[in-house]
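[1] sequence first, then the predicted structure, then my questions.
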Amino acid sequence: MKPRAPWMVKLVLRLFSILPLPLNHFIGSIVGLYLYTVPSKSKRVVRTNVKLCFPDLNENDIKRLVKNSLIEAGKGFTELGFIWFNDFNNNSKYIKNIVGIEHINSEQPAILLVPHFGCWEITGRVISLNRPVTFLYKPLKNEGLEGLVLSRRQIGDLQMATADKNGVIKLQRSLNNKELIGILPDQDPGQEGSLMAPFFSHDIRTMTLLVKLARKSNTRVLMTWAERLSHGSGYILNIKPVNVLSESNNLDDDVALMNKAIEDLVRTKPEQYLFNYKRFKSIVRY
């Protein structure tokens with residue numbers, strides 16, 4: 001018997017899927033404001049991360065960024081149902097512009113570097129309408145939720161690869177077939193497959209897989225993100241070549257370049273970065 005996702009989770013996500021995006025994001029904003037108003041765990045994590053990344057901000061600016069970050073995180077939660085429970089073509093209607101589409105309209109393989117910035121869930125769904133893409137993901141411990149997540153992510157030409165040896169082989173095979181692969185490297189992968197690398201001037205555990213695959217396959221890396229537009233008006237999908245391979249041919253330098261590219265993106269609209277994730281847990285206690 002297949003494990004089922006908690007019925008309440010599916011009900012809530014399906015409810016958000018039928019709401020117009022402006023209303024969906026409005027409710028998400030209310031959720032974020034609630035998390036900011038009360039002494040929530042999310043607020044504590046975001047504040048810790050903001051202070052680590054932007055130590056020169058004054059208290060008022062810290063509060064403003066924490067609040068805006070939680071508002072965007074709230075939108076990220078409510079839009080999940082809107083994206084997952086609508087089909088890929090419906091998702092694509094909310095992409096108001098694609099900047100850099102020419103970088104995937106070719107037969108050359110590429111690695112999509114997708115930070116937890118803006119609406120990352122929509123990136124693979126829309127891009128797979130142009131070319132097959134395989135994304136690396138870490139399975140959830142809750143088998144019911146895992147089944148739900150996989151069923152909403154692995155559809156059509158969007159395939160998933162587990163973050164293990166078999167998944168890496170699947171990614172390598174996709175590159176060999178001149179396909180696209182996607183990796184979200186800005187999360188703590190644990191000690192295995194990581195090294196300490198600078199991110200906002202702090203050395204933290206960082207995934208090495210993306211740069212290893214890029215160097216081994218001599219493959220282009222494309223920074224890919226969907227900027228969330230205001231008032232629920234949609235998204236701008238951005239695809240931009242970035243260099244993550246150092247002239248020194250040194251793994252530490254490669255990973256540092258990758259983190260710097262992510263950091264540069266975060267600085268453009270820091271409120272849209274997932275600051276309520278414990279990115280610095282290898283050096284601080286939350």
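    Yep, it's here.
[2] how far out from the middle of the chain is the longest strand seen in the chain?
    Longest strand of the chain, by residue count under DSSP state E: strand 220-228. Centroid separation between strand 220-228 and its chain, computed with Cα atoms, centre = their mean, to the nearest Å, is 9 Å.
[3] wait, Val114 sits on Ile122?
    No: using Cβ atoms under 8 Å as the test, Val114 is too far from Ile122 to be in contact (10.5 Å). Yep, even glycine has a C-beta here, placed from its N, CA and C like the rest.
[4] how much space is there between Gln172 and Leu209?
    10 Å (Cβ to Cβ, to the nearest Å).
[5] more crowded one of these two?
    Between Gln172 and Leu209, counted using other Cβ atoms under 10 Å, Leu209 has the larger neighbour count: 18 against 15.
[6] could you find the closest non-adjacent residue to that one?
    Gly193 (6.0 Å; Cβ to Cβ, 6 or more residues apart in numbering).
[7] now for that neighbour: which residues touch it?
    Met207, Thr208, Leu209 (Cβ atoms under 8 Å, 6 or more residues apart in numbering).
[8] do that again at 10 Å, thanks
    Contacts for Gly193 (Cβ atoms under 10 Å, 6 or more residues apart in numbering) come out as Ala163, Asp164, Val168, Arg205, Thr206, Met207, Thr208, Leu209, Lys212.
[9] what does Leu251 give?
    Here Leu251 is in contact with Leu195, Ala197, Thr208, Val211, Lys212, Arg215 (Cβ under 10 Å, 6+ apart).
[10] what helix or strand is the fourth one on?
    Same thing as Val211. Assigned by DSSP states H and E, Val211 belongs to helix 209-217.
[11] tell me what angle that helix forms with strand 220-228.
    150 degrees (axes from the mean of the first three to the mean of the last three Cα atoms, to 10 degrees).
[12] please point out which parts of helix 209-217 sit buried.
    Using 16 or more other Cβ atoms under 10 Å as the test for burial, helix 209-217 gives Leu209, Leu210, Val211, Leu213, Ala214, Ser217.
[13] helices of the chain, start to end?
    7-18, 21-37, 41-53, 59-84, 88-92, 121-127, 143-153, 165-176, 209-217, 251-268 (DSSP state H).
[14] which elements pack onto the fourth one?
    Right, helix 59-84. helix 7-18, helix 21-37, helix 41-53, helix 88-92, helix 121-127, helix 143-153, strand 220-228 (3 or more Cβ pairs under 10 Å, 6 or more residues apart in numbering; DSSP states H and E).
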